[in-house]
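In: Could you work out the structure for the sequence below:
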Amino acid sequence: MKRKIVVLGGGISGYGSAILAKKEGFDVLLSDMGTIAPLYRSRLDEWGVEYEEGGHSVERILTASEVIKSPGIPDKAPMVKALRELGQQLIEQQYNEGGDLAAWVDEVENMDMHLECC
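Out: The predicted model follows:
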């Protein structure tokens, strides 16, 4: 059975994490309280990544093997607080000056370019 990954946040880092997890063979759900940008929704659809916007499905999130929290989501967000209270470990993406995020975004964009050309 595939491990289930939930990504909280549908901005560029969450979108990229969701696609990379799908590429690695995980069952993925991206969940965002707001609206996911049309370009990101289109790419998620192309990769077959399930997503929800406008709220979180708590029951579905709690079934995840791992939860990835995008850096734009504050620690005080109700979903983050609830997951921590339940003992769910969160994988937190980090921005740093070493360029790791830029390299990672390039990888996601290269995957998208490959998807478009083939």
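In: List the residues that contact residue 72.
Out: 9, 11, 13 (C-beta atoms under 8 Å, 6 or more residues apart in numbering). Bear in mind the C-beta positions are built from the backbone N, C-alpha and C, glycine included.
In: my read: the first one touches residue 74, true?
Out: No - using C-beta atoms under 8 Å, residue 9 is not in contact with residue 74, being 10.6 Å away.
In: Quick check: neighbours shared by the two?
Out: Common neighbours of residue 9 and residue 74 (C-beta under 8 Å, 6+ apart) do not exist.
In: So those two - more neighbours on which side?
Out: Neighbours were counted for residue 9 and for residue 74 using other C-beta atoms under 10 Å; residue 9 has more, 24 against 9.
In: Sheet-wise, list the partners of the helix or strand encompassing residue 51 with their directions.
Out: Secondary structure from DSSP states H and E places residue 51 in strand 50-53. Paired neighbours of strand 50-53 in the sheet (DSSP bridges): strand 27-32 (parallel).
In: I'd like the average pLDDT over the partner strand.
Out: Strand 27-32 shows a mean pLDDT of 96.
In: want to throw the contacts of residue 72 into a markdown table with secondary structure?
Out: Below are the contacts of residue 72 laid out as a markdown table (DSSP: H, G, I helix; E, B strand; the rest coil):
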| residue | secondary structure |
| --- | --- |
| 9 | coil |
| 11 | coil |
| 13 | helix |
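In: Reformat those residues as a markdown table; add pLDDT and distance to residue 68.
Out: Converted to a markdown table, the contacts of residue 72 look like this (pLDDT from 0 to 100; distance: C-beta to C-beta, whole Å):
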| residue | pLDDT | distance to residue 68 |
| --- | --- | --- |
| 9 | 95 | 8 |
| 11 | 91 | 12 |
| 13 | 88 | 9 |
